[in-house]
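S.K.: Task: produce atomic coordinates for the following.
(one chain, ligands or ions: 2)
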Amino acid sequence: SKRTITVIPGDGIGPSIIDSALKILDKVGCDFEYEFADAGLVALEKHGELLPQQTLDLIEKNKITLKGPLTTPVGGGFTSINVTLRKKFSLYANVRPVHSFKGTQARYEDIDIITIRENTQGMYSGLGQTVSEDGCTAEAMSVITREGAEKIATFAYELARNENRKKVTIVHKANIMKSTSGLFLKVAKEVGEKYPDIKTEEMIVDATCMKLVMNPENFDVIVTTNLFGDILSDLCAGLVGGLGMAPGANIGKDAAIFEAVHGSAPDIAGQNLANPTSVILASIQMLEHLGMADKAEKIRKAVADVIESGDRTTRDLGGTHGTTDFTDAVLERL
Ligand code: NAI
Ligand code: MG
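M.R.: Ligands and ions are numbered 1, 2, ... in the order given. Below is the predicted model of the structure:
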């Protein structure tokens, strides 16, 4: 029987880039069944809530979700939908690869970095958030557990081994955040000792930013806590041409959600200007996760060829074309 995938088109540029990804998946003969679900602003308008129960049920039932970006309204007591999804389905690993394509306006070539971001703990655990009555003191709790650190570090080293990578850089701030970042570093290093075939390097997060900008080719796999991973993965996206080039997979034991790293881009929404590459690359991650590496590779080649040849690329890559033209150029190559 056909595999069913939950698809959340999302907000802003979401529906247009998801449409592009689905056309491409169909073109290579994936033969998936899609069940569409609402989340984000569009769900708030239609169902009165950002994350309706039927959406959660579909994510749980089908296990695999392809998701567009969601707008979380600022203020009004809304908790981030993405944070909620990641916690609810224990999607503890956020895998964010960046890879140079020739033909972008990126400053570097030969970048191939995977950031493995712990996705449920740390500064984003959402616990203990208070503001004092006078509005002058704000608090939040950061939680790191041995179990959480062990799981994400093991994930990173296993991925490194499976993909024949040479080095894992543990990024931390244990010199200042001695308890939380300290525990993360200690546990990650213990895990690293079980992988003598892979080099372990530890690096403080601020220095990491500098080194990523100066010598990004020295990096291979990065493993880090939630907040640092969020920031570093956007930095890494900038190394390869911007947010339009950066996919992310949220992986748990029982479910996985594949998405772009970027948001709903309200500044360009509805204008056919979005670069769909991030979501297309996320669908490639999804195919690899499903053991369909040959189809994934076909799509990657077609996307690379469009970008490299400059045939109908989008504005963020220096081109003059829109989402639909870019998508057609990829489809023609398939
Ligand atoms: P953003 O990532 O939506 O946009 C940042 C900048 O990058 C904008 O100038 C935008 O035009 C550009 N950009 C992003 N994706 C692009 C693409 N595919 N092609 C071309 N240009 C692209 O970040 P922003 O503006 O801070 O957030 C907007 C909304 O998205 C917020 O409501 C935020 O909460 C949400 N968001 C959702 C995420 C998710 O669902 N995974 C992740 C990040 C933000
Ligand atoms: Mg982010």
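
S.K.: How about whatever residue of the chain ends up closest to ligand 1: what's its closest non-neighbour residue?
M.R.: At 2.3 Å from ligand 1, residue 263 is the closest residue in the chain, using CB to the nearest ligand atom. Placement of C-beta: from N, CA and C, glycine included. Excluding the flanking residues, the one nearest residue 263 by CB to CB, 6 or more residues apart in numbering is residue 69, at 4.7 Å.

S.K.: element containing the spatially most central residue of the chain, please.
M.R.: When CA atoms, centre = their mean is applied to the chain, the residue found nearest the centroid is residue 248 (2.1 Å). Assigned by DSSP states H and E, residue 248 belongs to strand 247-251.

S.K.: Which helix or strand lies directly C-terminal to that strand?
M.R.: Per DSSP H and E, the first helix or strand lying C-terminal to strand 247-251 is strand 256-260.

S.K.: got the angle for that following strand vs strand 247-251?
M.R.: Between strand 256-260 and strand 247-251, the angle comes out at 160 degrees (axes from the mean of the first three to the mean of the last three CA atoms, to 10 degrees).

S.K.: so what does the helix or strand just after strand 256-260 touch, helix or strand wise?
M.R.: Note on strand 256-260: by DSSP H and E, the next helix or strand toward the C-terminus is helix 277-289. In terms of contacts (3 or more CB pairs under 8 Å, 6 or more residues apart in numbering; DSSP states H and E), helix 277-289 is packed against helix 14-27, strand 64-67, strand 93-99, strand 247-251, strand 256-260, helix 293-309.

S.K.: Most tightly packed of the ones you listed?
M.R.: Among the helices and strands packed on helix 277-289, strand 256-260 has the highest mean neighbour count (mean count of other CB atoms under 10 Å), at a mean of 27.

S.K.: Just the C-alphas of it, formatted as PDB.
M.R.: In PDB, the C-alpha atoms belonging to strand 256-260 read as follows (Å, rounded to 0.1, in the frame of the first residue of the first chain):
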ATOM      1  CA  ALA A 256       9.600  12.900  12.200                       C
ATOM      2  CA  ILE A 257       8.800  16.400  10.800                       C
ATOM      3  CA  PHE A 258      10.700  17.700   7.800                       C
ATOM      4  CA  GLU A 259      10.800  21.500   7.200                       C
ATOM      5  CA  ALA A 260      12.800  24.500   6.100                       C
END
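
S.K.: check whether it contacts ligand 1.
M.R.: Yes: residues of strand 256-260 contacting ligand 1 under CB under 6 Å from any ligand atom: residue 259.

S.K.: what are the ranges of the helices in this structure?
M.R.: Per DSSP state H, the chain has helices spanning 14-27, 41-47, 53-62, 81-88, 146-162, 180-193, 205-214, 226-239, 277-289, 293-309, 323-333. These are given in chain order.

S.K.: Go through those helices and pick out the most buried.
M.R.: helix 277-289 (a mean of 24).

S.K.: what's next to that one, contact-wise?
M.R.: If you take CB atoms under 8 Å, 6 or more residues apart in numbering as the criterion, helix 277-289 is touched by 5, 17-18, 20-21, 24-25, 30, 64, 66, 68, 95, 97, 243-249, 251, 256, 258-262, 293, 295-296, 299-300, 303, 307, 326, 330.

S.K.: hmm, 6 Å instead?
M.R.: Identification of contacts with helix 277-289 by CB atoms under 6 Å, 6 or more residues apart in numbering yields 17, 21, 24-25, 244-247, 249, 256, 258-260, 262, 295-296, 299-300, 303.

S.K.: and residue 208, what does it touch?
M.R.: Contacts of residue 208 (CB under 6 Å, 6+ apart): residue 171.
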